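**Student:** just coords:
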């Protein structure tokens, strides 16, 4: 599912980032310098960052087969969205 479709499905009022140019990967320690012969590949990771730049949730693994707990990430997103509501 694309980011746009997921955003619509979850009714997010936030921006979703796909780091195609790998500019954020190093800062969040979410990049393999070398992974099975491939260079600068993203680790499986999820980071939720508020508009203030503070990290609300962060998860990364060196095990490419491991999946994140999506509910924890969704909880962090919903908490941030709720903080903006009057």
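**Tutor:** Received it, and whenever you're ready, just let me know what you need. All values reported here derive from a predicted model rather than from experimental measurement.

**Student:** From residue 80, how far off is residue 33?
**Tutor:** Computed as CB to CB, to the nearest Å, the residue 33 to residue 80 distance reads 31 Å. Yep, even glycine has a C-beta here, placed from its N, CA and C like the rest.

**Student:** meant to ask about residue 49
**Tutor:** From residue 49 over to residue 80 (counting by CB to CB), the distance is 9 Å.

**Student:** one step back: which of residue 33 and residue 80 has more residues huddled nearby?
**Tutor:** residue 80 (20 against 8; other CB atoms under 10 Å).

**Student:** Let me see the ranges of the strands in the chain.
**Tutor:** For the chain, the strands defined by DSSP state E cover 31-35, 38-42, 44-49, 55-61.

**Student:** Other residues contacting the second one?
**Tutor:** Contacts of strand 38-42 from elsewhere in the structure, counted by CB atoms under 8 Å, 6 or more residues apart in numbering, are 19, 22, 25, 30, 31, 32, 33, 35.

**Student:** do the same with the last one
**Tutor:** Applying CB under 8 Å, 6+ apart, the external contacts of strand 55-61 come out as 28-30, 43-50, 68-69, 72-73, 75-77, 79-80.

**Student:** Which of those are buried? Put it as a ChimeraX command.
**Tutor:** In ChimeraX syntax, the buried subset of these is picked out as below (16 or more other CB atoms under 10 Å):
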select :28,30,43,45,46,47,48,49,50,73,76,77,80
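
**Student:** Next one: the nearest residue to residue 7 once chain neighbours are set aside relative to residue 49, how far apart?
**Tutor:** Distances taken as CB to CB, 6 or more residues apart in numbering place residue 16 nearest to residue 7, at 5.6 Å, with adjacent residues excluded. For residue 16, the distance to residue 49 (CB to CB) stands at 11 Å.

**Student:** returning to that earlier point: go through the strands of the chain and name the closest to residue 8.
**Tutor:** With CB to CB as the criterion, residue 8 lies closest to strand 44-49 of these, at 18.0 Å.

**Student:** Now do the same contact list for residue 46.
**Tutor:** By CB under 8 Å, 6+ apart, residue 46 lies in contact with 57, 58, 59, 60, 68, 70, 73.

**Student:** For the residues you listed, pick the one with the most neighbours.
**Tutor:** residue 57 (19 neighbours).
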